[in-house]
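Chemist: here is a sequence with its predicted model. Questions after.
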Amino acid sequence: MDKYTVMTHLVAGYPDMDTSKKIALAMIDGGAGYLEIQFPFSDPIADGPLIQEACTRSIAGGFTVDSGFRMIREITGQTGIPVFLMTYANLAAAAGVREFVKKAKDSGISGLIIPDLPFDYDEDLYAACREMNIISVPVVVQGISESRLKKILDLKPQYIYAAVRKGITGEKSGIDGRTIEFLESISGEEIKVLAGFGIREKEQI
């Protein structure tokens, strides 16, 4: 796999389960090296208007956590690329964090991105992931304090999700020298950085 690889994102169940599965497979066929599948939630903390609308329509269409895991099993059964699940703490807590991690593992998920379960308030997410050999991906944002970043790096995560700007999704992010310095400061030979938020154009990638 190349040093730099595109990770694509979609909301499970938008506009419906069958179509979102086809979109996921089309992204893989189109060259995506990683796939981020988001389980919709009614009260997101980081999603802008477009993703919120997609989540609302998915839930209205009958999305459930179990149907989402079924879709992911079908996708991971047809691809060898890493598939990451992004969602919020409420969905994991409702199922029980350990049970949620187990379902993720059984569906073929490589890792979990749950931004409101940070390593120091994680409801045992990180321990469950270590036990079941699934990756828990910490989320950092440009401007994070050096002391907190050090604590995260001391965990020796395999992946870090880096939001290249503060705020919610939807606005185009400017990629400048500070952004590159930030990404380089958290990357290393043993850490892969998943950078996102407002990435829309080929030039940004």
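Modeler: Looks like it came in fine. Numbering: from 1, shown residues only.
Chemist: buried residues in the helix-or-strand element of the chain with minimal mean pLDDT?
Modeler: The weakest-scoring helix or strand in the chain, judged by mean pLDDT, DSSP states H and E, is helix 177-186 (a mean of 81). Within helix 177-186, the residues scored as buried using 16 or more other C-beta atoms under 10 Å are 179, 182, 183, 185, 186. The C-beta positions use only the backbone N, C-alpha and C, and glycine is treated the same way.
Chemist: which residues does the helix or strand following that helix contact?
Modeler: Downstream of helix 177-186, the first helix or strand assigned by DSSP states H and E is strand 192-196. Identification of contacts with strand 192-196 by C-beta atoms under 8 Å, 6 or more residues apart in numbering yields 7, 9, 34, 36, 84, 113, 137, 158-164, 183, 186-187.
Chemist: now do strand 192-196: distance to the chain's middle.
Modeler: The chain centre lies 10 Å from the centre of strand 192-196; the measure is C-alpha atoms, centre = their mean, to the nearest Å.
Chemist: just stretch 140-149 next, same as before
Modeler: So, by C-alpha atoms, centre = their mean, the centroid of stretch 140-149 is 19 Å from its chain's centroid.
Chemist: where exactly do the strands run in the chain?
Modeler: Applying DSSP state E to the chain gives strands spanning 7-11, 34-38, 83-86, 111-113, 135-136, 139-141, 159-163, 192-196.
Chemist: with that, I have no additional questions.
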